[in-house]
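> Return atomic coordinates for the entry below.
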Amino acid sequence: MGEKFGLIICVWMILLWGNCLGRFLVEKNSLKLISPESIKGVYKSGIGNFGVPPYSGNLVGIVVYPKQNQRACKDFDDLGISFEIRPGALPIIVLVDRGDCFFALKAWKARKAGAAAIIVADYIDEPLITMDTPEEDNTFADYLQNITIPSVLIEKSLGDGIKTELSRGEMVNMNLDWTKFVPNPDERVEYEFWMNSHYDCGPKCDSQIEFVKNFKGVAKRLEQEGYTLNSPHTI
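Numbering: from 1, shown residues only. Prediction:
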């Protein structure tokens, strides 16, 4: 009954406003705080659909919350800030705040400054979302193609806790874990493929159409030979 009611509401919204917004699958990975003791534990985080997460691997590093450019919308180099790994030191995972610019732009600014990963702290209490690429005509901006670090979104409460410990001078050690991200209980990689019901949203949809054309042959062969199990969905 609840699902039917939700569908009726959605159709009603389409008739009135021409669209219907909803939350779909949010990709999550395990985020483990190793220290300090006060915030030690395992947390959930929303993965960005850009960048290069180390699937089947993990990343251990120290968290840094910059004193300037805390929303990472400007170049850190212009402020004399660098996150490059020093010899014998752990990689730096940069904590920044949500707001003022695209998630992907924040990741690009952090990556240019040498960060190993970026964590975006939400500014309101809400469920985790998937960080998406900019929905604009400039979707194919050069920086989007050059983001080579993983990006995750964390809840406001966790972000506040990390900032509190850092302000006390504590060292925050973090482990981002992707080892259990791809489910394969039967030795097959199981994945879900989400498609739009129409492709008229500009360059972003053109990219999706091109990907489907290039990948469909590979996907079919992987499925037939028992390497994968694909569940297609339409939004």
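> Surely residue 195 touches residue 231?
No. Checked against CB atoms under 8 Å, the pair residue 195 and residue 231 is beyond contact range at 11.7 Å. Any C-beta I mention is one placed from the backbone N, CA and C, and that applies to glycine too.
> Might you list the low-confidence residue ranges for this protein?
1-29, 55, 134-141, 180-185, 198-200 (pLDDT under 70).
> repeat that with 50
Applying pLDDT under 50 to the chain picks out residues 1-24.
> Which parts of it are strands?
Along the chain, the stretches classed as strands by DSSP state E are 28-35, 41-47, 58-64, 92-97, 117-121, 151-154, 173-177, 189-195, 228-234.
> of those, which approaches residue 86 most closely?
Nearest of these to residue 86, taken as CB to CB: strand 92-97 at 9.1 Å.
> Walk me through the domains of the protein.
Split into domains by automatic domain parsing, the chain comes to 28-177, 189-234.
> winner for burial among those?
Greatest average neighbour count among those goes to domain 28-177 (a mean of 17), per mean count of other CB atoms under 10 Å.
> and the most centrally placed residue in the chain, what does it touch?
The residue lying closest to the centre of the chain (CA atoms, centre = their mean) is residue 48, at 1.5 Å. Shown in contact with residue 48 (CB atoms under 8 Å, 6 or more residues apart in numbering): 103-104, 107, 130-132, 150-153.
> Where is the longest helix in the chain?
helix 203-224 (DSSP state H).
> Just want the angle from that helix to strand 228-234.
140 degrees (axes from the mean of the first three to the mean of the last three CA atoms, to 10 degrees).
> starting at the chain centroid, how far to helix 203-224?
22 Å (CA atoms, centre = their mean, to the nearest Å).
> for the residue nearest to residue 160 when sequence neighbours are not counted, which residues make a bridge with it?
Excluding the flanking residues, the one nearest residue 160 by CB to CB, 6 or more residues apart in numbering is residue 121, at 7.6 Å. Counting by DSSP bridges, residue 121 is bridged to residue 97, residue 154.
> Test my guess that residue 121 contacts residue 95.
Yes. Residue 121 is within contact range of residue 95, at 6.2 Å (criterion: CB under 8 Å).
> Now do the shared contacts for those two.
159, 162-163.
> nearest to residue 40, of the residues you listed?
Nearest member of those to residue 40, counting by CB to CB, is residue 162, at 11.6 Å.
> show me the contacts for residue 157.
residue 125.
> Oops, could you answer that again for residue 124 instead?
Contacts of residue 124 (CB under 8 Å, 6+ apart): residue 156.
> what's the answer for residue 64, then?
83, 92-95, 166.
> In CSV, list the strands of the chain along with distance to residue 73.
Formatted as CSV, the strands of the chain follow (distance: least, CB to CB, whole Å):
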stretch, distance to residue 73
strand 28-35, 23
strand 41-47, 20
strand 58-64, 17
strand 92-97, 9
strand 117-121, 12
strand 151-154, 15
strand 173-177, 23
strand 189-195, 29
strand 228-234, 33
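> for those strands, which one sits closest to residue 71?
Among the strands of the chain, strand 92-97 sits nearest to residue 71 (CB to CB), with 4.9 Å.
> Now do residue 112 against residue 69, distance only.
Look at residue 112 and residue 69: by CB to CB, to the nearest Å, they are 12 Å apart.
> what sits in contact with each of those two?
By CB under 8 Å, 6+ apart, the residues touching both residue 112 and residue 69 are residue 76.
> Skipping its backbone neighbours, what lies nearest residue 94 in space?
Nearest one to residue 94, counting by CB to CB, 6+ apart, is residue 115 at 4.3 Å.
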